[in-house]
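Trainee: Kindly generate the corresponding structure for this input.
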Amino acid sequence: MTKARAVDVNHVALEVGDIDEALAFYGQFLEFELRGKSETMGFIDLGDQFLALSKVDEISRDQHRHFGLVVSDKELARKSLEDMGVEFASSRFVDFYDPWGNRIEIIGYDNIQFSKAPNVLKGMGLDALAKNEKAVQELTDKGMDPRE
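Mentor: Numbers count the residues shown, from 1 in each chain. Alright, predicted model coming up:
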């Protein structure tokens with residue numbers, strides 16, 4: 001039987017209590033463009049993907065469930081989050097809870113097996129982002145050399 005191949009994630013949806021408050025919270029440590037907004041939804045643009053914020057009446061806190069949010073500068077995000085006084089879920093990672101209990105891990109673009117297409121990075125004004133040697137080697141070993 002033939003199966004569809006998983007290619008990427010188009011978006012992640014987070015449950016929040018208030019769209020404007022959530023956009024203000026995320027805007028304290030992330031520079032982003034708003035893709036769209038309504039009373040019950042907010043969409044943070046991630047180039048060719050997006051983060052959806054969905055207003056719900058009842059919130060439940062994540063435990064192990066989380067997602068990794070890739071940023072241009074992990075240490076800058078960590079410092080901003082520390083300055084904001086957020087609750088970190090782990091001392092090993094930049095892993096924190098937003099005010100609605102969503103657990104998020106911040107990951108630096110330079111250190112992961114994930115590459116945005118050059119045209120997407122350029123469109124986001126991030127065409128100077130580069131991978132570290134370990135990430136380049138991991139991608140190259142999979143036939144995905146980011147330098148090509």
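
Trainee: residues touching the closest residue to S38 other than its chain neighbours, list them.
Mentor: Nearest non-adjacent residue to S38, counting by C-beta to C-beta, 6 or more residues apart in numbering: I19, 7.7 Å away. Quick note: C-beta positions are derived from backbone N, CA and C, even for glycine. Residues counted as contacts of I19 (C-beta atoms under 8 Å, 6 or more residues apart in numbering) are K37, S38, E39, T40, M41, G42, L53, K55.

Trainee: and the third one, how many neighbours does it have?
Mentor: Think E39. When neighbours are counted by other C-beta atoms under 10 Å, E39 registers 8.

Trainee: so it touches K55, yeah?
Mentor: Yes - checked against C-beta atoms under 8 Å, the pair E39 and K55 is within contact range at 7.2 Å.

Trainee: Just the buried ones from the contacts of I19, in PyMOL syntax?
Mentor: Applied in PyMOL, the following selects the buried portion of the contacts of I19 according to 16 or more other C-beta atoms under 10 Å:
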select buried, resi 42+53+55
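
Trainee: Among the contacts of I19, which pair sits farthest apart?
Mentor: With distances taken as C-beta to C-beta, the most widely separated pair in these is E39 and L53, at 11.8 Å.

Trainee: show me the contacts for the residue nearest the centre of the chain.
Mentor: Here the mean C-alpha position of the chain is nearest to the C-alpha of L69 (C-alpha atoms, centre = their mean), at a distance of 2.2 Å. With contact set as C-beta under 8 Å, 6+ apart, L69 has these partners: L51, I104, E105, I106, I107.

Trainee: Could you give the bridge partners of the third one?
Mentor: Listed beta-bridge partners, E105: G68, D95 (assigned using DSSP bridges).

Trainee: so it touches H66, yeah?
Mentor: Yes - with contact defined as C-beta under 8 Å, E105 reaches H66; the gap is 5.6 Å.

Trainee: what residues are shared contacts of these two?
Mentor: D95.

Trainee: Could you break the protein into its assigned domains?
Mentor: Following the assignment in automatic domain parsing, the chain carries domains at 11-110, 112-148.

Trainee: Distance from the chain centre to the last one, please.
Mentor: Offset of domain 112-148 from its chain centre (C-alpha atoms, centre = their mean, to the nearest Å): 16 Å.
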